[in-house]
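Student: Just to be clear, the model below is a prediction. Sequence and coordinates:
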Amino acid sequence: MSSPHRSSPWRTISPSRRRFLKLAGLFSGAVALSAGNVGCQGIGRKQFSEGTDERVKNGDTVRVGYLPITDSAPLLVAHDQGFFRQEGLESDRPTPYRSWKAIATAFMERQVNVIHILMPASLWLRYSLQFPAKVVAWNHTNGSAITVHPSIRSPEQLGGRTIAIPFWYSIHNVVLQMLLNQYGLKPVSSLTLNRRLASNEVGLVVLPPPDMVKALSNENIAGYIVAEPFNSAAETAQVGRLLRLTGDIWRDHACCVVFMHEADLRDRPDWSQGVVNGIVKAQQWSRGNRPELAHLLSKNGSNYMPHSVDVLDRILNRYNNDFYRKEGAIHHPEWRSRRIDFQPYPFPSYTTDLVKTLKTTLLDESGTFIQNLDPNVVAKDLVDDQFVTRAINLVGGPQAFGLPQTLSRAETLDF
């Protein structure tokens, strides 16, 4: 069931001057909150108001915020195909944002109450900014790639060049830096560099995903790592090629996760369960209806993303393992990983390994809080899996998503 109207232009945040200055301080490199006292036990619940928007707090309306990437698909499908409605919930048409900072700000200001967000960014929001919210499910697996100028054929050629990332707190930044280290290349922040890059350095710069294809086409950057469909868009426009698929480095990793306010989980458990049920049903539908999903997301369908069906179909349905293996984007065809897939369960092993890896990853200057986190405690504190576990059982159990009955796994990383 496609929505009959087109999406509104990209939303930007326009709070009052005082509120803007407050949020600008939170999002600057020097976070005002002390990271020294941040741990997994005290998360500063009184730092933010949990009820600034009474319409959201007291109403049943689901207000989804999203970036125009395929990672957001289950949230969009849950609205578009009526899965929220099946749970007795009203939902507004999802609101698009241009950047991760914009969507995080909207979430903290309660303009939206359900978002997809980068898994490392959920750590940043909960433990650095001390915002009371939790991961309730994964949104998808894989779904990202390193896209480079067509002349670049190997990671070694990235030395002395600049690569764009969508956010410091992203699996993209983590995977890219792990790959660079394997080839003896040193990641550095381009913003803090006042000299030319050395031949063994790779400059990292944060760009909103919608700006990446143009920056690559203009050769302002040598490449970028980001979620789909911006990799497929560069391929289709013949301005970039895939260097590596991230799911071929970290097998079936999560990129974006479903993030909800802790107050809603605590005070409105039935409403929260309905939201998660709708998202899990949407993931199951997306797995079995990929051609329909490509059309629904595209500008030719419900217009959730400014891309053609061809760009989205390339990701969801025309994933040629043999082609990408010959191109070098896939090193592990035996993994049989899809370019993007959908499954909701948040494996604790992924959370613990991610926290461990972030401790050795170059972040912005607010990233010192990571060093104080216990990976095992974070896996229990950041994620609330009670809602998604019930939802999975309602649609046929773990086997409905090809998951082990034990809902446990060991992480696989290989370059």
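Tutor: It's in.

Student: so where is this structure shaky, pLDDT-wise?
Tutor: 1-59 (pLDDT under 70).

Student: residue ranges for the strands of it, please.
Tutor: 64-66, 95-96, 114-118, 133-138, 141-142, 144-148, 161-165, 186-189, 201-206, 223-227, 241-245, 256-261, 340-341 (DSSP state E).

Student: now for the fifth one, which elements pack on it?
Tutor: The reference is to strand 141-142. The contact analysis (3 or more CB pairs under 8 Å, 6 or more residues apart in numbering; DSSP states H and E) places strand 141-142 against strand 340-341. Where you see a C-beta, it was placed from the backbone N, CA and C, and this is true even at glycine.

Student: ok so, going back, want to try JSON lines for the strands of the chain, with mean neighbour count as columns?
Tutor: Compiled in JSON lines, the strands of the chain are given as follows (neighbours: other CB atoms under 10 Å):
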{"stretch": "strand 64-66", "mean neighbour count": "25"}
{"stretch": "strand 95-96", "mean neighbour count": "21"}
{"stretch": "strand 114-118", "mean neighbour count": "28"}
{"stretch": "strand 133-138", "mean neighbour count": "26"}
{"stretch": "strand 141-142", "mean neighbour count": "24"}
{"stretch": "strand 144-148", "mean neighbour count": "29"}
{"stretch": "strand 161-165", "mean neighbour count": "22"}
{"stretch": "strand 186-189", "mean neighbour count": "17"}
{"stretch": "strand 201-206", "mean neighbour count": "20"}
{"stretch": "strand 223-227", "mean neighbour count": "28"}
{"stretch": "strand 241-245", "mean neighbour count": "23"}
{"stretch": "strand 256-261", "mean neighbour count": "26"}
{"stretch": "strand 340-341", "mean neighbour count": "22"}
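
Student: Reformat those as a markdown table; add distance to Leu176.
Tutor: Below are the strands of the chain laid out as a markdown table (distance: least, CB to CB, whole Å):
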| stretch | distance to Leu176 |
| --- | --- |
| strand 64-66 | 23 |
| strand 95-96 | 25 |
| strand 114-118 | 13 |
| strand 133-138 | 21 |
| strand 141-142 | 15 |
| strand 144-148 | 7 |
| strand 161-165 | 7 |
| strand 186-189 | 7 |
| strand 201-206 | 8 |
| strand 223-227 | 5 |
| strand 241-245 | 9 |
| strand 256-261 | 17 |
| strand 340-341 | 18 |
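
Student: Out of those, which is closest to Ala294?
Tutor: Checking those against Ala294 by CB to CB gives strand 340-341 as the closest, at 11.0 Å.

Student: quick check: domain ranges of the protein?
Tutor: Listed domain ranges for the chain are 17-141+258-310+340-401, 144-252 (source: automatic domain parsing).

Student: hmm, back to that, ok, which of the strands of the chain comes nearest Glu87?
Tutor: Closest approach to Glu87 among the strands of the chain is made by strand 114-118 (12.5 Å; CB to CB).

Student: neighbours around Asp270, how many?
Tutor: 10 (other CB atoms under 10 Å).

Student: Could you report the separation of it from Asp60?
Tutor: 10 Å (CB to CB, to the nearest Å).

Student: ditto for Ile117
Tutor: According to CB to CB, Ile117 and Asp60 sit 23 Å apart.

Student: how about the strands of the chain, which one is nearest Val395?
Tutor: strand 133-138 (12.6 Å).

Student: coming back round to it: mind checking the strands of the chain for the one nearest to Ser408?
Tutor: strand 133-138 (14.5 Å).
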